[in-house]
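Colleague: sequence-free structure coming up:
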């Protein structure tokens, strides 16, 4: 059974002890067995005198912690609580808030918020490594759309560009939604500079075709793409009661990360854990 499919009770039962969490994280970090981060030697002595095991390379004597280079590095929070935080974040249609997480794992709000921030940073970094390829479509959208229809941008509205790779069947395959920060106009306007910046940052050199619609009132806009913006907006409003501009991008990245994995039928928890334990920095 996929871990993503476990109920909360089943998940807590499977990872009831720190020892079970250590074994699972070890297998996730080193699926083919230990590899020294300094010399890549495959054998190590295990030092169990600390809360989290240390591994001393048999060749170069370099010592590395199980959680070195992961989002858990330098954290005093138990591995069990970290795994539960990743599991709750991975719930595809729900996710979790710092308030809920703090209550479930019995930590302070500040600790819960920092844990989720680190998880979302891992998602953000993973997103940067996967540009759009092949045939791409891009459309301008609005997060937090005001019921007041106007060409003027309202304080609650944030402009975004949503783009997607299309497969051979012209189906959406990989989606990105990017916040256009600090607009230079009080009008709802995506400039050529904004579009070029999006293309330079998020399109691969292998792109063969790119159709972009930046007008908000043109009949040429790609309505299916805009549905993703609406879905993201509804999710952020329902789960988090809305997000301000400072952290908006990482929440949009979380939405598209889970959307893209769902489109490819990839287990979210397993993938999220992998990017959280992979080398950071």
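Modeller: That came in fine, so what should we check first? The structure displayed is predicted, hence computed values, not measured ones.

Colleague: strands along the stretch 151-281 of the chain, start to end?
Modeller: 158-166, 172-179, 209-213 (DSSP state E, counting those that start in this stretch).

Colleague: how distant is the second one from the center of its chain?
Modeller: The chain centroid and the centroid of strand 172-179 are separated by 12 Å, computed with Cα atoms, centre = their mean, to the nearest Å.

Colleague: what packs against it?
Modeller: Judged by 3 or more Cβ pairs under 8 Å, 6 or more residues apart in numbering; DSSP states H and E, strand 172-179 is in contact with strand 135-143, strand 158-166, helix 192-202, helix 223-240, helix 248-263. C-beta: built from backbone N, CA, C; applies to glycine.

Colleague: do you know how far the residue of the chain most remote from its centre is from residue 252?
Modeller: Here the chain reaches farthest from its C-alpha mean at residue 59, the gap being 36.5 Å by Cα atoms, centre = their mean. Distance, residue 59 to residue 252, by Cβ to Cβ, to the nearest Å: 45 Å.

Colleague: same check on residue 241?
Modeller: Applying Cβ to Cβ to residue 241 and residue 252 gives a distance of 16 Å.

Colleague: out of those two, which sits in the busier spot?
Modeller: Neighbour count, other Cβ atoms under 10 Å: between residue 241 and residue 252, residue 252 has more, with 27 against 8.

Colleague: low-confidence ranges in the chain?
Modeller: 1-2, 145-153, 182-185, 221, 279-281 (pLDDT under 70).

Colleague: longest helix in it, by number of residues?
Modeller: helix 109-128 (DSSP state H).

Colleague: that one versus strand 172-179: what angle between them?
Modeller: 130 degrees (axes from the mean of the first three to the mean of the last three Cα atoms, to 10 degrees).
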